[in-house]
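[1] Provided below for reference: sequence and predicted model.
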Amino acid sequence: MQLLVSPSSIEEARSSLFADIIDVKKPSEGSLGANFPWIIRDIKNLAGKKPVSAAIGDNEYKPGTAALSAYGAAHAGADFIKVGLMFDGADRAREVIEAVTTAVKREFPEKYVVIAAYADFERMGTISPFAIGPLVADAGADLAMIDTGIKDGKSLFEFMDEEALTRFTERNRELGLRTALAGSLKFEDLDALKRINPEIIGVRGMVCGGDRSTTVRAELVEKAMMMLR
Ligand SMILES: O=C[C@H](O)COP(=O)(O)O
């Protein structure tokens, strides 16, 4: 299981270098808020061989806009392009997933496309994470992810229990996909996450000391890495 940490600046990226994957985002623009291309580029230069991910936003149903954002993030140097689906409807989701995957893979077949749905989809009226696996697989994208959409401190486990998350992970594996799980995860959740065994877990608040609007702390990233090894 790999640890993905989400810094919002080059300074925070320096504190995230213990992590397996550095995920550039702009938390002030949403759960999967997109940062500027020059920040992605600078963090990629800092990270060297370490993989860099970039969130491209909590997308509405706008396939063209999402595809262009995904293409921009790939060009800026991201190895993982992470796309949130903040709308409902399997047909519409299929269209957006195909558009972003084509935008990235035509030019960069080696890069990974991550499609995220939200654990708290019911309160937002967006697509269920359980609906996205086959769409992600059919489009040739790589990972299906669950995050929380509203960052009000409620964690992934308040919306989905261990059994549901294990089912999500296993179904993805059967489809040939990898799984990423995130959503106000805490150090106390790490044992359950090890049992669920997704390929990636994503954190920000946990390594900021509990409040994701503050700053990533290197010693907490190191602590999380030690607990996962
Ligand atoms: O991709 C992971 C997210 O940045 C998780 O952020 P969070 O731990 O603050 O919910």
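    Now that the structure is in, tell me what you want to look at. Numbering: from 1, shown residues only.
[2] for R195, see how far away the spatially most central residue of the chain is.
    By C-alpha atoms, centre = their mean, the chain has its centre lying nearest to K82, at 5.4 Å. Distance of K82 to R195, computed by C-beta to C-beta, to the nearest Å: 24 Å. Glycine gets a C-beta too; all of them are placed from N, C-alpha and C.
[3] report all helices and strands that the longest helix belonging to the chain contacts.
    Longest helix in the chain by number of residues (criterion: DSSP state H): helix 90-105. Secondary-structure packing of helix 90-105 (3 or more C-beta pairs under 8 Å, 6 or more residues apart in numbering; DSSP states H and E): helix 63-75, strand 80-85, strand 112-118, helix 133-139.
[4] within range of the ligand, give me the residues from this structure.
    6, 23, 25, 147-148, 151, 182-185, 202-206, 212 (C-beta under 6 Å from any ligand atom).
[5] now do the contacts for T179.
    L143, A144, M145, F168, T169, N172, R173, P198, E199, I200 (C-beta atoms under 8 Å, 6 or more residues apart in numbering).
[6] what ranges does the protein have for its strands?
    2-5, 21-24, 52-59, 80-85, 112-118, 143-147, 178-182, 200-203 (DSSP state E).
[7] using TSV, lay out the ones you listed together with mean pLDDT.
    Output for those, formatted as TSV (pLDDT from 0 to 100):
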stretch	mean pLDDT
strand 2-5	98
strand 21-24	98
strand 52-59	98
strand 80-85	98
strand 112-118	98
strand 143-147	98
strand 178-182	98
strand 200-203	98
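[8] can I get the ones you listed in TSV including distance to E163?
    Below are the strands of the chain laid out as TSV (distance: least, C-beta to C-beta, whole Å):
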stretch	distance to E163
strand 2-5	23
strand 21-24	27
strand 52-59	27
strand 80-85	23
strand 112-118	18
strand 143-147	14
strand 178-182	14
strand 200-203	18
